[in-house]
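*Asks:* predicted model and sequence below, questions to follow.
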Amino acid sequence: MRTYTNVKDLGDLNAAVKEALEVKKNRFAYKSLGENKTLLMVFFNSSLRTRLSTQKAGMNLGMNTMVLDINQGAWKLETERGVIMDGDKSEHILEAIPVMGSYCDIIGVRAFAQFENKEDDYQEKILNQFIQYSGKPVFSMEAATGHPLQAFADLITIEEYKKTARPKVVLTWAPHPKALPQAVPNSFADFMNEADVDFVITHPEGYNLDPKFVRGAKVEYDQDKALAGADFVYAKNWAAYADPNYGKILSKDMSWTVTSKKMALTNNAFFMHCLPVRRNMIVSDDVIESPQSIVIPEAANREISAQTVIKRMLESL
Ligand code: AN0
Ligand code: CP
């Protein structure tokens, strides 16, 4: 595997989940695979889970791991070609990327949507420059339009907790005070559309995601109707995608918060969220603390999704 940015990069999805569950059974079985190999993780944005779980995954595989926070101690990077660099940016990304590539064997990149220019975000301008200029296998640690390590961990978690062969999985928008990217819901839809689940997306009008990710999924604007009979409730906020409102907050309607009253509409569903989550905006205290909340095992599976992806990249070096 040379790149990991979306569900297709995994090939046969059932086989990938099976491999992940094998990795989970014995996470040190491939300790020699990464010997004398270096993993570089580059962060343009904050992280708790991705930083720790991906570093742990690399260590499980015997790799040396390095972390660079671009905004804390590195030079400010110019990302546009042709700019006269007389401002506060000291280095161009076109030098920085191959230099970073020269110190490592595999690179993970976190570069969120900037909400300044929809085309730049949806063309994955930063991630694609890493793929093009680093000379190394590159995986997304949440880029502008996707978070495939999260969605893979989510699928593994659903596989572990499901009680029926084809569970009903509902992705629901929920309110949040700040504008958030569509990366997490995009990738979740990307994966659920390929998985053996009954997938429904619910959000207020105006919050439709990119059709490239929604594909054949059912979209229901009435949250209560969508939640009826759900086996898994996956909550997430995102800002508007559609023009002319790209990156804008259109609603803070607290009636969309996932409360115990909402969960009562479901088939005793499990509650999921990628974290970090704002309590009593996205989900009530009682729901996230309930036995049906699987947010902690879901986060723990981030180590497994990362390890499966890095293992495949090491195998292809
Ligand atoms: C980010 C997002 O919504 O994309 C990261 C989630 C994993 N969340 C925040 O910035 C709060
Ligand atoms: N879920 C997730 O990616 O969390 P972090 O932003 O803390 O890495």
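*Replies:* It's in. All values reported here derive from a predicted model rather than from experimental measurement. Ligands and ions are numbered 1, 2, ... in the order given.
*Asks:* show me the contacts for the residue of the stretch 51-200 of the chain found nearest ligand 2.
*Replies:* Closest to ligand 2 within the stretch 51-200 of the chain is residue 150: 5.3 Å, counting by CB to the nearest ligand atom. C-beta: built from backbone N, CA, C; applies to glycine. Residues in contact with residue 150 (CB atoms under 8 Å, 6 or more residues apart in numbering) are 142, 184, 187, 188, 274, 302, 305.
*Asks:* and the gap between the closest residue to residue 258 other than its chain neighbours and ligand 2?
*Replies:* Nearest residue to residue 258 in three dimensions, chain neighbours excluded: residue 283, at 4.5 Å (CB to CB, 6 or more residues apart in numbering). Using CB to the nearest ligand atom, to the nearest Å, we find residue 283 at a distance of 15 Å from ligand 2.
*Asks:* which residues does residue 283 bridge with?
*Replies:* residue 258, residue 279 (DSSP bridges).
*Asks:* so it makes contact with residue 254?
*Replies:* No: because the distance of 11.7 Å does not satisfy CB atoms under 8 Å, residue 283 is recorded as not touching residue 254.
*Asks:* between the two, which is the more surrounded one?
*Replies:* residue 283 (26 against 11; other CB atoms under 10 Å).
*Asks:* next up, the contacts around the more buried one.
*Replies:* Contacts of residue 283 (CB under 8 Å, 6+ apart): 174, 235, 257, 258, 259, 271, 273, 277.
*Asks:* mind running it again at 7 Å?
*Replies:* By CB atoms under 7 Å, 6 or more residues apart in numbering, the contact set of residue 283 is 235, 257, 258, 271, 273, 277.
*Asks:* check the residue nearest the centre of the chain and give its pLDDT.
*Replies:* In the chain, the centroid-proximal residue (CA atoms, centre = their mean) is residue 147; its distance is 2.2 Å. Per-residue pLDDT puts residue 147 at 99.
*Asks:* picking up where we left off before, which SS class is the residue of the stretch 51-200 of the chain closest to ligand 2?
*Replies:* When classified by DSSP: H, G, I helix; E, B strand; the rest coil, residue 150 comes out as helix.
*Asks:* one more: residue 85?
*Replies:* Once three-state DSSP is applied, residue 85 turns out coil.
*Asks:* wait, it touches residue 78, no?
*Replies:* Yes: the pair residue 85 / residue 78 is scored as a contact, 5.5 Å apart, by CB atoms under 7 Å.
*Asks:* mind checking which of those two has more residues around it?
*Replies:* The neighbour comparison of residue 85 against residue 78 (other CB under 10 Å) goes to residue 78, with 20 against 11.
*Asks:* how about this structure: which residue is closest to ligand 1?
*Replies:* Counting by CB to the nearest ligand atom, the chain gets nearest ligand 1 through residue 180, at 3.8 Å.
*Asks:* for residue 198, which non-adjacent residue is spatially closest?
*Replies:* Excluding the flanking residues, the one nearest residue 198 by CB to CB, 6+ apart is residue 168, at 4.4 Å.
*Asks:* before we move on, what about residue 199?
*Replies:* residue 192 is the one closest to residue 199 (CB to CB, 6+ apart), at 4.2 Å.
*Asks:* isn't that neighbour right next to residue 169, touching?
*Replies:* Yes: contact between residue 192 and residue 169 holds when scored by CB under 7 Å: they sit 5.7 Å apart.
*Asks:* please enumerate the shared neighbours of the two.
*Replies:* residue 199.
*Asks:* ok so, going back, between residue 85 and residue 78, what contacts are shared?
*Replies:* residue 92.
*Asks:* in this protein, which residue sits furthest out from the middle?
*Replies:* residue 86 (35.2 Å).
*Asks:* so what's that residue up against?
*Replies:* By CB under 7 Å, 6+ apart, residue 86 has no neighbours at all.
*Asks:* same question for residue 313.
*Replies:* Neighbours of residue 313 in contact, by CB under 7 Å, 6+ apart: 1, 106, 137, 139.
*Asks:* from residue 141, how far out is it?
*Replies:* Distance of residue 313 to residue 141, computed by CB to CB, to the nearest Å: 13 Å.
*Asks:* and residue 210, by the same measure?
*Replies:* For residue 210 relative to residue 141 (CB to CB), the value is 20 Å.
*Asks:* cool, and residue 17?
*Replies:* 20 Å.
*Asks:* for the two, indicate the residue with more neighbours.
*Replies:* Looking at residue 17 and residue 141 with other CB under 10 Å, you find the greater number of neighbours at residue 141, namely 28 against 20.
*Asks:* the more buried one and residue 54 touch, don't they?
*Replies:* Yes: counting by CB under 7 Å, residue 141 touches residue 54, with 6.2 Å between them.
*Asks:* common neighbours of the two, please.
*Replies:* Common neighbours of residue 141 and residue 54 (CB under 7 Å, 6+ apart) are 41, 108.
*Asks:* so the closest residue in space to residue 81 that isn't next to it in sequence, which of the three states?
*Replies:* In space, and not counting its chain neighbours, residue 81 is closest to residue 94: 6.8 Å by CB to CB, 6+ apart. Assigned by three-state DSSP, the conformation of residue 94 is helix.
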